[in-house]
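Below are the sequence and a predicted model; questions follow.
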Amino acid sequence: MKKVTEFPIILTTLNARYMHSAFGLRYLYANLGDLQGSATINEFTIQQRPIDIAEILLEQQPKIIGFGVYIWNVTEITKTVELLKQISPKTVIVLGGPEVSHLPDKPAVVDLVDYVVMGAAEKSFGELCQLILSGNKPLNRVIQSDELPLDQLKLPYQFYNDDDIKNRLMYVEASRGCPFKCEFCLSSLDKTAKPFELGVFLDEMDKLYQRGARNFKFIDRTFNLKVRSSIAILEFFLARMTDDLYLHFEVVPDNLPDALKSVIAKFPENALQFEIGVQTFDTDIQALISRKQNNTKTCENLRWLKENTYAYIHADLIFGLPSDTLENFSKSFDQLIGLKPHEIQLGILKRLRGVPLNRHNDAYQLRYNPNPPYNILSTRDIDFTTMQQVNRFARFWDMIANSGRFKNTLPLMLQDAPFDCFMQLSNDLYQAAGSSWKISQQRLFVLLFECIKNTGNVDEAVLFAAMSADYQRTAEKASFEILMNKNNKVARIGVANKRQRQMLQ
């Protein structure tokens, strides 16, 4: 029998993947004060069985278990809490996180637990634990947090352990909050963006770097809002550049002054990723949802980044915003395609608890899935069938365009009207496959060839050459011709001429 260490307080959550780390739990742990020695952090993933999670938690005989609840893990946490309360009803369970911070709008799990801490909980969670462990349990089940000034927060970076540094993303933040009021985003509830003291923050980054951290994901909503600080942070990492250093930033698309551009241009390939939320180019929708965005500058900056830097550009669009239509959304998509970002994330609108966008639910008949992740099902202007088609479009887009496996074939699919062309391809693939899930790479190549060929828009020899080049590049020099013959999907058409193949590789 293995020896189990007892901890009165367990901080836990279920991450979407093992490579993710629970940044919020480390903040809570860092600010527990005298209780820190009585606490531990246990991280799981949503792929693990709730009964196994419950066993691991309870074998440590905790008095308090605190869960971080998010849109992606609320279902699994609910199942885990149900088990915990059946097995050990005296164990006090506390919930925190954005999914439970906007009561009375709440998920069902709230009614199963002892306490809910709403908002930033670095101070209030520790205070609640002190009261519970001293036998003075608060009568009020809901605790509204008082947010600490940033200069009073204990920073959490030392609580990334060696395994985290080796195998996980290092989530970091140089600032908190956002000054913008985009109604689909929880950050619209913030009053402004507040920076951490820059020197202290960079000292912490240096400690992580010296310990071997090389994969930094900044969670700042507006990294390039205060340009002087952005430049200082970029120069800090530029001075420590290695082949394996990788930085991820979320940037405001229309704020890229020359001083910032000059630093970005110095970074080598495979070092920077910029997540750029375009969301929509429609000015009427932008006004409706309180989004301030200069579309001209946004386009100029995206074009400049692509043409003058090695930064990897991940651009976001949202489908299902109030008053949007399929035809109108296609214009934003085609405009963004023309700017040639490396990746377009086609996001489907989700209902987040507490966001101002919910004020439009009745007027625009926004109908959401009642189950997580609360994706939009239909609107006044987009019916359910169309919404399902766009969901499949997004899935196939990830598999084909964002995967990077079809660099030679993708331009053949998107010749005149990219959105319309890919929508037709998506519908054809779905008819051929019967699903948009569990399609092997080999089967995807075969189906894709068949669907594109049947459109009659692409010369068959050109298509075969392009897909051969892509298949050889992604399948370790395997033969696309052999694959096609083996699957009996098309008649043998031979191999494209050598010159054409060399041009595509």
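Structure's in. What do you need?

Now do the phi/psi pair for residue 40.
phi -150, psi 160 (degrees, to the nearest 10).

Please work out how many residues are found near it.
Using other Cβ atoms under 10 Å, residue 40 is surrounded by 17 other residues. C-beta: built from backbone N, CA, C; applies to glycine.

what sits against it?
Contacts of residue 40 were listed using Cβ atoms under 8 Å, 6 or more residues apart in numbering, and they are 5, 7, 9-11, 60.

can you name the two of these that are farthest apart?
5 and 11 (14.7 Å; Cβ to Cβ).

higher neighbour count, those two?
residue 11 (27 against 8).

any idea how this structure splits into domains?
By the assignment in automatic domain parsing, the chain contains the domains 9-148, 169-382, 405-505.

So which of those is nearest residue 163?
domain 9-148 (10.0 Å).

Now do the end-to-end distance for that closest one.
Taking Cα to Cα, to the nearest Å as the measure, domain 9-148 stretches 22 Å from start to finish.

Report the mean confidence score over it.
Taken as a whole, domain 9-148 carries a mean pLDDT of 96.

The chain should start at 52 in everything you say after this.
Let's use 52 as the start, then, which means that last one is domain 60-199.

roughly how far is it from the heart of the chain?
In terms of Cα atoms, centre = their mean, to the nearest Å, the centre of domain 60-199 is set 22 Å apart from its chain centre.

Tell me how far the residue lying closest to residue 404 once chain neighbours are set aside lies from residue 291.
Spatial nearest neighbour of residue 404, excluding adjacent residues (Cβ to Cβ, 6 or more residues apart in numbering): residue 153 at 4.1 Å. To residue 291, residue 153 is 40 Å away according to Cβ to Cβ, to the nearest Å.

Those two: who's more crowded?
A side-by-side neighbour count of residue 153 and residue 291, using other Cβ under 10 Å, places residue 153 first with 17 against 13.

what's the closest of the contacts of residue 91 to residue 327?
Residue 327 has its nearest neighbour among those in residue 62, at 33.0 Å by Cβ to Cβ.

so how far is residue 189 from the closest one?
Counting by Cβ to Cβ, the gap from residue 62 to residue 189 is 19 Å.

Ok, residue 292 next?
50 Å.

now swap in residue 333 and tell me
From residue 333 to residue 189 the distance is 48 Å (Cβ to Cβ).

Count the residues that sit near residue 511.
Using other Cβ under 10 Å, residue 511 has 14 other residues around it.

can you tell me how far it sits from residue 477?
21 Å.

What of residue 442?
Counting by Cβ to Cβ, the gap from residue 442 to residue 477 is 10 Å.

Between those two, which has more neighbouring residues?
Regarding residue 442 and residue 477, a neighbour count based on other Cβ under 10 Å identifies residue 477 as having more, with 22 against 19.

okay but the residue nearest to residue 404 is in contact with residue 402, surely?
No - Residue 153 is beyond contact range of residue 402, at 11.2 Å (criterion: Cβ atoms under 8 Å).

quick one, helices of the stretch 102-251 of the chain?
Secondary structure of the stretch 102-251 of the chain, counting by DSSP state H, counting those that start in this stretch: helices at 125-138, 175-184, 213-218, 249-261.

for the stretch 302-451 of the chain, that is, sorry about that
Taking DSSP H, counting those that start in this stretch, the helices of the stretch 302-451 of the chain run over residues 309-315, 334-339, 346-359, 377-389, 435-448.

Let me know which of those is the nearest to residue 127.
Per Cβ to Cβ, nearest to residue 127 of these: helix 435-448, 21.8 Å.

Buried ones in that closest one, by neighbour count?
Going by neighbour count (16 or more other Cβ atoms under 10 Å), the buried part of helix 435-448 is 437-438, 440-448.

list the helices and strands it packs on?
Here helix 435-448 touches helix 377-389, strand 394-399, strand 427-429, helix 469-484, going by 3 or more Cβ pairs under 8 Å, 6 or more residues apart in numbering; DSSP states H and E.

In JSON lines: these, plus mean pLDDT and distance to residue 255.
Formatted as JSON lines, the helices and strands packed on helix 435-448 follow (pLDDT from 0 to 100; distance: least, Cβ to Cβ, whole Å):
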{"stretch": "helix 377-389", "mean pLDDT": "98", "distance to residue 255": "36"}
{"stretch": "strand 394-399", "mean pLDDT": "97", "distance to residue 255": "29"}
{"stretch": "strand 427-429", "mean pLDDT": "98", "distance to residue 255": "39"}
{"stretch": "helix 469-484", "mean pLDDT": "96", "distance to residue 255": "43"}
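
Among these, which comes closest to residue 457?
For residue 457, the closest of these is helix 469-484, at 11.2 Å, according to Cβ to Cβ.

With just CA atoms, put that closest one into CSV.
Extracted in CSV, the C-alpha atoms of helix 469-484 (Å, rounded to 0.1, in the frame of the first residue of the first chain):
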residue,chain,number,x,y,z
PRO,A,469,-13.1,31.0,-51.0
PHE,A,470,-16.0,30.7,-48.5
ASP,A,471,-18.5,29.4,-51.0
CYS,A,472,-16.0,27.0,-52.5
PHE,A,473,-15.0,25.5,-49.2
MET,A,474,-18.7,25.3,-48.0
GLN,A,475,-19.5,23.2,-51.1
LEU,A,476,-16.4,21.0,-50.4
SER,A,477,-17.4,20.7,-46.8
ASN,A,478,-21.0,19.6,-47.8
ASP,A,479,-19.6,17.1,-50.3
LEU,A,480,-17.1,15.7,-47.8
TYR,A,481,-19.8,15.2,-45.2
GLN,A,482,-22.0,13.4,-47.7
ALA,A,483,-19.1,11.2,-48.7
ALA,A,484,-17.9,10.4,-45.2
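
Count the neighbours of residue 198 for me.
Neighbour tally, residue 198, other Cβ under 10 Å: 15.

Spatially nearest residue to it, not counting backbone neighbours?
Once flanking residues are discounted, residue 198 sits nearest to residue 171: 4.5 Å by Cβ to Cβ, 6+ apart.

Quick check: that neighbour touching residue 195?
No - contact criterion Cβ under 8 Å: residue 171 and residue 195 do not qualify, at 10.6 Å.

The two: which is more packed in?
Neighbours of residue 171 and residue 195, each counted by other Cβ under 10 Å, are more numerous for residue 171; the result is 19 against 12.

which residues touch that one?
Applying Cβ under 8 Å, 6+ apart, the residues contacting residue 171 are 196, 198-199.

Quick check: of those, which lies closest to residue 254?
Checking the contacts of residue 171 against residue 254 by Cβ to Cβ gives residue 199 as the nearest, at 19.7 Å.

Can you name the residues that contact that closest one?
Residues near residue 199 by Cβ under 8 Å, 6+ apart: 82, 171, 173-174.

Tell me the one of the residues you listed nearest residue 380?
residue 171 (34.9 Å).

From residue 193, how far off is the closest one?
Distance, residue 171 to residue 193, by Cβ to Cβ: 15 Å.

Buried residues, stretch 336-352. List them.
336-337, 339-340, 342, 344, 346, 349-350, 352.

Ok, stretch 62-82 next?
Judged by neighbour count (16+ other Cβ under 10 Å), stretch 62-82 contains these buried residues: 62-66, 71-82.

and if you look at stretch 160-177?
160-161, 164-177.

Same check on stretch 375-389?
Here stretch 375-389 shows 375, 377, 379-381, 383-388 as buried, counting by 16+ other Cβ under 10 Å.

from these, which is closest to residue 205?
Distance to residue 205 across these (Cβ to Cβ) is lowest for residue 387, with 41.3 Å.
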